[in-house]
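> Predicted model follows, preceded by the sequence.
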Amino acid sequence: MSKHAAIISGEVRKATEEWKQFGEKHDVMFIGDKTREQLLEELPKLAAQGKYDAIAFMPAGPWQGDVNAELLGSLEGSLKYINGQGAGFDHVDMEFVTKKLGAFYVNSPQAVSHPTATTTTILILDCIRWTSQLELSTRRGDWKGGAGLTNDTRDTLVGIVGMGTIGKIVRDQIQAFGSKVIYSNRRRLPESEENGAKFVSLDELLSTADLISLNCPLTPETFHLIGETEFAKMKKGVMIVNTSRGKVIDEHALVSALESGHVARAGLDVYENEPHPHPFLLTSEQCTVFPHHGGGTQRVVRDAELEILENLRAFFETGKAQNAVNSP
Ligand SMILES: O=CC(=O)O
């Protein structure tokens with residue numbers, strides 16, 4: 001047995017055999033599906049044992065809500081490793097986790113990246129080819145509904161903001177449809193990893209792309225990354241796709257840009273105030289709206305459970321976290 005001990009919150013639903021074997025060899029406390037209220041009662045009792053230095057939240061368990069002092073304060077002193085659900089980490093009080101706990105925060109982006117990228121590509125194709133509008137007009141007996149001739153993927157310059165795990169898959173998928181891709185990122189990728197996409201500044205991307213896809217995490221730096229000023233820099237008739245987090249776009253500015261026609265089309269899976277998208281987005285046929293379902297495939301549950309298991313195994317073996325998003 002290693003000196004580490006972990007609390008596993010949320011039922012293991014698919015990778016049961018793998019987790020059972022891990023649990024036989026390591027100090028792991030499976031507490032099953034717990035709501036936030038139940039966690040607030042249970043964690044202080046486990047914390048009293050003083051030995052738990054890791055906690056992981058299973059992907060299909062109840063949503064634990066914000067990862068903050070209220071939730072994990074009782075484990076201060078021992079907790080050094082947190083593995084959360086999903087790719088996003090905007091629900092994490094990183095200041096508390098990094099400075100107060102001195103803990104690694106690990107997300108599990110690999111499992112959700114392919115389905116989230118595919119959802120992005122679906123919305124990109126939909127914006128370019130007006131598929132959801134054509135479907136609606138056919139159903140309501142309006143045949144082509146005045147859609148006219150649509151854009152073509154081969155004539156669309158796609159600008160990807162955030163070339164991480166998800167952005168790279170979107171790039172490869174959309175290039176297969178003949179689109180050229182430019183990208184902006186905190187830093188340029190090594191050329192061998194660019195796969196034909198051209199690195200440009202955010203300003204150049206905003207002013208030249210025909211379609212802009214947001215694939216960056218929500219952090220203090222990317223909050224309202226796209227607002228009135230940025231919309232003004234874009235080409236008239238630009239298309240926007242967002243499957244990252246709603247708050248990366250100033251939603252009111254997006255609505256104004258759609259109303260004026262400066263933005264021609266938007267494909268959205270995320271909103272500033274979920275589950276309540278701005279009413280304009282729900283009624284305008286310029287928009288295709290999904291209910292934050294980007295990574296929601298059946299396969300993701302098992303993939304994420306295994307990703308979390310391998311991350312935890314690495315921590316148990318080395319005391320360090322692979323894939324941490326912070327540096328305590
Ligand atoms: O939104 C989904 C995720 O963060 O994985």
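Sure thing, it's come through.

> Please make it C-alpha for all contacts and neighbour counts, starting now.
Will do.

> Minimum distance to the ligand, which residue of the stretch 101-250 of the chain gives it?
Residue of the stretch 101-250 of the chain nearest the ligand, by C-alpha to the nearest ligand atom: residue 112 (5.7 Å).

> wait, that residue sits on residue 307?
No - with contacts counted by C-alpha atoms under 8 Å, residue 112 stays clear of residue 307, the gap being 10.4 Å.

> higher neighbour count, those two?
residue 112 (23 against 18; other C-alpha atoms under 10 Å).

> how about the residues of the chain near the ligand?
86-88, 112 (C-alpha under 6 Å from any ligand atom).

> Now for these: which two are most distant?
Of all pairs drawn from these, the widest gap by C-alpha to C-alpha lies between 88 and 112 and measures 10.1 Å.

> can you list the weak-confidence ranges in this structure?
Filtered on pLDDT under 70, the chain yields the residue ranges 1.

> Can you show me the strands along it?
Taking DSSP state E to define them, one finds strands in the chain at 5-9, 27-32, 54-57, 81-83, 104-106, 157-161, 180-184, 198-199, 211-214, 238-242, 263-268, 287-289.

> Give the buried residues for stretch 139-150.
Using 16 or more other C-alpha atoms under 10 Å as the test for burial, stretch 139-150 gives no buried residues.

> how about the helices in the stretch 151-300 of the chain?
Per DSSP state H, counting those that start in this stretch, the stretch 151-300 of the chain carries helices over the ranges 165-175, 191-194, 202-208, 228-233, 251-260, 279-283, 298-318.

> Just name the most buried of those helices.
Neighbour counts (mean count of other C-alpha atoms under 10 Å) averaged over each of those peak at helix 165-175, with a mean of 21.

> Adding mean neighbour count, write the strands of the chain out as JSON lines.
Shown next, in JSON lines, are those (neighbours: other C-alpha atoms under 10 Å):
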{"stretch": "strand 5-9", "mean neighbour count": "21"}
{"stretch": "strand 27-32", "mean neighbour count": "16"}
{"stretch": "strand 54-57", "mean neighbour count": "24"}
{"stretch": "strand 81-83", "mean neighbour count": "25"}
{"stretch": "strand 104-106", "mean neighbour count": "25"}
{"stretch": "strand 157-161", "mean neighbour count": "25"}
{"stretch": "strand 180-184", "mean neighbour count": "24"}
{"stretch": "strand 198-199", "mean neighbour count": "18"}
{"stretch": "strand 211-214", "mean neighbour count": "26"}
{"stretch": "strand 238-242", "mean neighbour count": "25"}
{"stretch": "strand 263-268", "mean neighbour count": "25"}
{"stretch": "strand 287-289", "mean neighbour count": "22"}
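
> just so I know, which of those lies nearest residue 93?
Comparing these by C-alpha to C-alpha, strand 104-106 comes nearest, at 10.1 Å.

> Can you work out which other helices and strands pack against the closest one?
strand 81-83 (3 or more C-alpha pairs under 8 Å, 6 or more residues apart in numbering; DSSP states H and E).

> closest point of the stretch 201-328 of the chain to the ligand, which residue?
Closest point on the stretch 201-328 of the chain to the ligand, by C-alpha to the nearest ligand atom, is residue 295, at 6.2 Å.

> Wait, that residue touches residue 110, no?
No - between residue 295 and residue 110 there is no contact under C-alpha under 8 Å: 10.5 Å.

> ok, these two, which is more surrounded?
Taking other C-alpha under 10 Å, residue 295 and residue 110 do not tie; residue 295 has more neighbours (22 against 17).

> which residues touch that one?
Going by C-alpha atoms under 8 Å, 6 or more residues apart in numbering, residue 295 touches 112-116, 119.

> How about stretch 105-119, which residues are buried there?
Buried, per 16+ other C-alpha under 10 Å, within stretch 105-119: 105-119.

> gap between the residue of the chain most remote from its centre and residue 133?
Computed with C-alpha atoms, centre = their mean, the maximum C-alpha offset from the centroid of the chain is found at residue 141, amounting to 37.0 Å. Going from residue 141 to residue 133 by C-alpha to C-alpha, to the nearest Å gives 12 Å.

> Likewise for residue 267?
Distance from residue 267 to residue 133, by C-alpha to C-alpha: 12 Å.

> Over to residue 109?
In terms of C-alpha to C-alpha, residue 109 sits 32 Å off from residue 133.
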